[in-house]
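# Return a 3D structure for these sequence lines:
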Amino acid sequence: MKILVPGTIALDVHGGPDDEVVVYDAAAPFRPEDADAEVLVVWGGSAENLADAAARLPRLRWVQTLAAGPDAVLAAGFGPDVTITSGRSLHDGPVAEHALALVLAVVRRLDVLGAAQREHRWDTAVNQAQADPATAARYTLDGARVTVWGFGSIAARLAPLLAALGADVTGVASSRGERHGFPVVTDDDLPDVLASTDVLVSLLPALDTTRHAFDAARIDQLPDHAVFVNVGRGATVDEDALVAALHDGRLGGAALDVTGSEPLPAESPLWDAPRLVLTPHVAGNRPQRASELVNANLDALRAGRELRNVVPR
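I've put the predicted structure just below:
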């Protein structure tokens, strides 16, 4: 069995005696001599590279993406007989860390304070705003009501970190109940939940059903002091509505690690939107224990067992 692994990450793949492990260039078309590959591991490849694999690797049985979200692989055009598995769980720690960093940055107004530092200016306005009794529910996570939209494995790492700083955390998922010790509601409950939310963190995947899920209507359901943080997928946000709300003062602030177009075009109005922190999709760029997942799934494939993280199609 030929196993193609990307040169974009160091993987310790345990090939069997009849296996051939080949490192491929994720930025180039696949070589004709690799057309007999049955397994493809994906990380850091372009859309063109993935489409080339779908078109020119007819013997593929399984594609393992190391990304938490499989949207790029699903869009490449692999046939229905190709099993696709995601990198769910590989990014839980790093993405939770970055989400917490963005939440703290926007809540503590590090964007404004950083700008003041570069101007050699001691910013007393933020100091006075924090001390104002009218802002008692802002500028801190202690007592803040945080809603995590998309309550999966990353949220399971993030929610306890938020709670440790005093936040009251509620999750939003496909079914109600309790997960990892936190109450979870559904999208049907969002209007009521958002009305009392101080911080909304989105971990939503990019699906047809989540496109522009955070739109003008959702923004209007939040208090005007609330802040929004997105470390899920850029396609889930109506960026025009977000920019308008920031300019109009209908949103207290926002932080985005993902955008609809990446890299973000220089002419995007997001760059100059007030009270907005931007990072260049860096939350999950370090898969943890990727080799373990690939090898576990290889063992399952050889034994005819179900693979981990199979993506429904």
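
# so where do the helices sit in the stretch 101-250 of the chain?
110-118, 124-131, 153-164, 190-194, 216-221, 239-248 (DSSP state H, counting those that start in this stretch).

# buried set for the longest one?
Going back to what we said before, that points to helix 153-164. 153-159, 161-162 (16 or more other C-beta atoms under 10 Å). Bear in mind the C-beta positions are built from the backbone N, C-alpha and C, glycine included.

# cool, the fourth one as well?
By neighbour count with 16+ other C-beta under 10 Å, helix 190-194 contains the buried residues 190, 193-194.

# contacting residues around it?
Helix 190-194 is contacted from outside by 147, 149, 170, 172, 185, 200, 218, 221-222, 226, using C-beta atoms under 8 Å, 6 or more residues apart in numbering.

# can you pull the contacts of the spatially closest residue to residue 174 that is not a sequence neighbour?
Spatially, and ignoring its direct neighbours in sequence, residue 174 is nearest to residue 186 (6.6 Å; C-beta to C-beta, 6 or more residues apart in numbering). For residue 186, the contact set (C-beta under 8 Å, 6+ apart) comprises 172-176.

# do the same with residue 222
With the criterion set at C-beta under 8 Å, 6+ apart, residue 222 makes contact with 194-195, 197, 200, 228, 251.

# Roughly how far does it sit from residue 253?
11 Å (C-beta to C-beta, to the nearest Å).

# any common contacting residues for the two?
Joint contacts of residue 222 and residue 253 (C-beta under 8 Å, 6+ apart) are residue 228.

# Neighbour count, distance to residue 306 and pLDDT added to the contacts of residue 186, as a markdown table?
Shown next, in a markdown table, are the contacts of residue 186 (neighbours: other C-beta atoms under 10 Å; distance: C-beta to C-beta, whole Å; pLDDT from 0 to 100):
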| residue | neighbour count | distance to residue 306 | pLDDT |
| --- | --- | --- | --- |
| 172 | 25 | 28 | 98 |
| 173 | 17 | 23 | 97 |
| 174 | 10 | 21 | 95 |
| 175 | 9 | 22 | 96 |
| 176 | 14 | 28 | 96 |
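
# Kindly indicate which of these lies nearest residue 258.
Top of the list for closeness to residue 258, among the contacts of residue 186 and by C-beta to C-beta, is residue 172 at 18.0 Å.

# and which of the buried residues of helix 190-194 is nearest to residue 213?
Checking the buried residues of helix 190-194 one by one against residue 213 (C-beta to C-beta), the nearest turns out to be residue 190, at 9.6 Å.

# Quick one: the strands in the chain, in order.
2-6, 20-24, 39-42, 62-65, 83-85, 145-149, 168-172, 177-179, 182-185, 199-202, 227-230, 253-256, 276-278 (DSSP state E).

# then the third one to CSV, C-alphas only?
These are the backbone C-alpha positions of strand 39-42, laid out as CSV (Å, rounded to 0.1, in the frame of the first residue of the first chain):
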residue,chain,number,x,y,z
VAL,A,39,-3.6,6.7,1.3
LEU,A,40,-3.1,10.5,1.4
VAL,A,41,-2.3,12.5,4.4
VAL,A,42,-3.0,16.3,4.0
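
# what comes up buried for it?
In strand 39-42, counting by 16+ other C-beta under 10 Å, buried: 39-42.

# Packing partners of that strand?
strand 2-6, strand 62-65, helix 290-303 (3 or more C-beta pairs under 8 Å, 6 or more residues apart in numbering; DSSP states H and E).

# Now render those as a markdown table, adding mean pLDDT.
Below are the helices and strands packed on strand 39-42 laid out as a markdown table (pLDDT from 0 to 100):
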| stretch | mean pLDDT |
| --- | --- |
| strand 2-6 | 98 |
| strand 62-65 | 98 |
| helix 290-303 | 97 |
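
# check contacts around the closest residue to residue 126 other than its chain neighbours.
Excluding the flanking residues, the one nearest residue 126 by C-beta to C-beta, 6+ apart is residue 109, at 5.3 Å. Residue 109 sits next to 126, 139, 253 when contact means C-beta under 8 Å, 6+ apart.

# Please indicate which of these has the highest neighbour count?
Counting by other C-beta atoms under 10 Å, residue 253 has the largest number of neighbours within the contacts of residue 109, with 23 neighbours.
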